[in-house]
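J.: give me coordinates for this.
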Amino acid sequence: MNEQLQPLKKPTRSGKARTGTQDDIVYAHIFDAILEQRLAPGTKLSEEALGEIFGVSRTIIRRALSRLAHEGVVLLRPNRGAVVASPSVEEARQIFFARRLVERAITELAVQHASAEQLGELRQMVTDEQDCFARGDRGAGIRLSGEFHLKLAEAAKNAPLVSFQRSLVSQTSLIIAQYESGNRSHCSFDEHNELIDAIAARDSEKAVRLMMHHMDHIDSKLNLDEDSASDDLHAVFSHLTLAKKKPRSAR
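T.: Residues are numbered from 1 along each chain as shown. The predicted structure follows:
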């Protein structure tokens, strides 16, 4: 029986179940944990611990980690196992430089191609993001903020840019977790809404200006020095292990 083709369901932090192959689900949960800054840069990703948490073989864990390594958010070390990437200051600067170039291109293309339906989805994401921060779920809010930029890349209708942006957004989340200073306040809602308005008005110059201002805002909060994520795998994925232990009648 092919392990990879066996569907597996795991609840997200919101309580909804993920569906897909085992590889996809393990990959998505680890990706989300990085995007939500629940996994600290430098965390050792034990194949044994992750296999126990997700109830899958180490082969599947290795495949998921390999995908994440390809995106630059996991480092595979020969004979020492995998760790969450921990970008150096110079790497952080390079990633932000690349992110600015990609965001500019995506914004210009989104002005040309974004549909009314996609703009509506983007507005809903901003509302959901704001709701998460309002109820104190900072991790989910940060994830939605990152997913906003991925959705915008999809609206640009350029597949290579979507793939590149996925890697850059997750790497940016690691950089913010590692280097953001101050009280880690978050206030991207207005900036995101203004950007959507400019794209809807097909005003490329204004949309690009707003996106660059948004990137400046993120950059200004970096100390290129601090952390609030965790390196305890069981703590990070506790919502999965708790759900596994619940009696069927309680689900």
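J.: so where's the stretch 151-251 of the chain shaky on pLDDT?
T.: For the stretch 151-251 of the chain, the stretches flagged by pLDDT under 70 are 182-187, 225-232, 236, 239, 241-251.
J.: switch the cut-off to 80
T.: Within the stretch 151-251 of the chain, the ranges that satisfy pLDDT under 80 run 181-189, 224-251.
J.: which residues of it fall in strands?
T.: Remark: no strands are assigned in the stretch 151-251 of the chain by DSSP state E, counting those that start in this stretch.
J.: ok, which stretches of it are helices?
T.: Secondary structure of the stretch 151-251 of the chain (DSSP state H, counting those that start in this stretch): helices at 159-179, 189-200, 204-220, 233-236, 238-245.
J.: the third one vs helix 159-179, what angle?
T.: Using axes from the mean of the first three to the mean of the last three CA atoms, to 10 degrees, the interaxial angle of helix 204-220 with respect to helix 159-179 works out to 30 degrees.
J.: starting at the chain centroid, how far to helix 204-220?
T.: Offset of helix 204-220 from its chain centre (CA atoms, centre = their mean, to the nearest Å): 20 Å.
J.: that older thread, is it possible to export the helices of the stretch 151-251 of the chain to JSON lines including distance to Ala105?
T.: For the C-beta atoms, the positions are set from N, CA and C on the backbone; glycine is no exception. Below are those laid out as JSON lines (distance: least, CB to CB, whole Å):
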{"stretch": "helix 159-179", "distance to Ala105": "6"}
{"stretch": "helix 189-200", "distance to Ala105": "14"}
{"stretch": "helix 204-220", "distance to Ala105": "10"}
{"stretch": "helix 233-236", "distance to Ala105": "34"}
{"stretch": "helix 238-245", "distance to Ala105": "36"}
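J.: closest to Arg123 out of those helices?
T.: Closest approach to Arg123 among the helices of the stretch 151-251 of the chain is made by helix 189-200 (5.9 Å; CB to CB).
J.: list the buried ones in the closest one?
T.: Neighbour-count burial for helix 189-200, counted by 16 or more other CB atoms under 10 Å, picks out 189, 191-196, 198-200.
J.: could those residues go into TSV alongside distance to Ala49?
T.: Formatted as TSV, those follow (distance: CB to CB, whole Å):
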residue	distance to Ala49
Phe189	36
Glu191	38
His192	36
Asn193	41
Glu194	43
Leu195	40
Ile196	41
Ala198	45
Ile199	43
Ala200	46
